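[1] sequence below, structure please.
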Amino acid sequence: MFRFQCAVGVLLVAALALGRAAGDDTFDLRGPGPQKGQVLVAKTTLTVRDADTVMKAGAESVKLKLTLVATLEEEVTVLEVNGRDVTKCLTRVLKDRVETSGADKELAHTETSALERETIASTRDGQKWTHAIVDGRPTEKQKKQLDDRPEIETDDDLFPKEKVKVGHAWTADAVGINRALGNALVDVKGKLDQKFVRVEELDGEKVAVVESAGKITGKMRDDGAPTLDAAIELKQTAWKSLKTGVVIRVKIEGKISLSGTVKDGDNKTELILTGPISGETTTKWVEKK
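    Predicted structure coming up:
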């Protein structure tokens, strides 16, 4: 009898709570826009493991398995905003490199970005961004990578304008997902089917959990030049702070296909690569001192 009375009591309390919350169970998934003086540290790791790879140079062709691990760590300081758009910022590139390995130890190689350890000043004029190295003139290699840096945009296009309830589903343009890929792609195209699945706590913050799935295409950079065609079928889970609007964690998994020409000086190699991709991005808001 005691269990039955408790169960009835729980149901009554839940019903009353639902009644009180009926008009207040929607959430703004975009959150506040970027703020002047905001400092964010983002860390991204992407892994393509044991990918089936074909490399052709002239009449020679080699088939092998390759593993690629890309790491990007950046500290971004917002200097100016216009509405919800960043118009000026500073980016410290703490780490930007790709490690390649395979069964043949001679394939082990680490390619470090020419912009690693540099601080980059970025300014927006209308829809065009310009990027420059602070306190120094760029080398030719750095200039190529600066010219090819992705645009700095909010992720508003990934989320509904209006407040929505848990369970809400929508389709979004995939352009905004490039940050989760460590800004590895340019000319991103595609659509994502997204769903707001729940609200939970993460690192002491209330976050909206959004799951996404879709196929995106674009160009992957090779030494600053977008030469490799990329297609990615992926599933993503994002944890978005309801207080700050910052996506503080992203996890992805899926399949990637790359094809195109890789240059090494005057040498050119045709590359076809297909394999599983996984990755995670974490973003922390640095408190002002």
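
[2] now do the strands in the stretch 151-289 of the chain.
    For the stretch 151-289 of the chain, the strands defined by DSSP state E, counting those that start in this stretch occupy 169-173, 185-202, 205-222, 225-241, 247-264, 267-286.

[3] do you know which of the ones you listed lies nearest Thr45?
    Thr45 lies closest to strand 267-286 among those, at 5.9 Å (C-beta to C-beta). C-beta coordinates here come from the backbone N, C-alpha and C atoms, glycine included.

[4] now do the buried residues in the closest one.
    For strand 267-286, the neighbour count (16 or more other C-beta atoms under 10 Å) marks 271-273, 275, 277, 279-283 as buried.

[5] could you do stretch 142-151 as well?
    Buried residues in stretch 142-151, counted by 16+ other C-beta under 10 Å: 142-143, 145-146, 148-150.

[6] rewinding a little: so which of the strands of the stretch 151-289 of the chain comes closest to Ser101?
    strand 267-286 (13.0 Å).

[7] now do the closest one: which elements does it pack against?
    Counting contacts by 3 or more C-beta pairs under 8 Å, 6 or more residues apart in numbering; DSSP states H and E, strand 267-286 packs against strand 39-57, strand 60-82, strand 225-241, strand 247-264.

[8] most packed of these?
    Mean neighbours per residue, mean count of other C-beta atoms under 10 Å, is largest over the helices and strands packed on strand 267-286 for strand 225-241, with a mean of 19.

[9] if we can go back for a sec, tabulate the strands of the stretch 151-289 of the chain in TSV, adding columns for distance to Cys89 and mean pLDDT.
    As requested, these are arranged in TSV below (distance: least, C-beta to C-beta, whole Å; pLDDT from 0 to 100):
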stretch	distance to Cys89	mean pLDDT
strand 169-173	23	92
strand 185-202	19	91
strand 205-222	20	89
strand 225-241	19	87
strand 247-264	17	91
strand 267-286	14	92
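
[10] include distance to Glu118 when you put those strands into TSV, please.
    Converted to TSV, the strands of the stretch 151-289 of the chain look like this (distance: least, C-beta to C-beta, whole Å):
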stretch	distance to Glu118
strand 169-173	31
strand 185-202	20
strand 205-222	16
strand 225-241	19
strand 247-264	23
strand 267-286	19
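
[11] nearest to Val93, of these?
    Minimum separation from Val93 across the strands of the stretch 151-289 of the chain (C-beta to C-beta) falls at strand 205-222, 14.2 Å.

[12] next, the angle strand 267-286 makes with the closest one.
    Computed by axes from the mean of the first three to the mean of the last three C-alpha atoms, to 10 degrees, the angle separating strand 205-222 from strand 267-286 equals 160 degrees.
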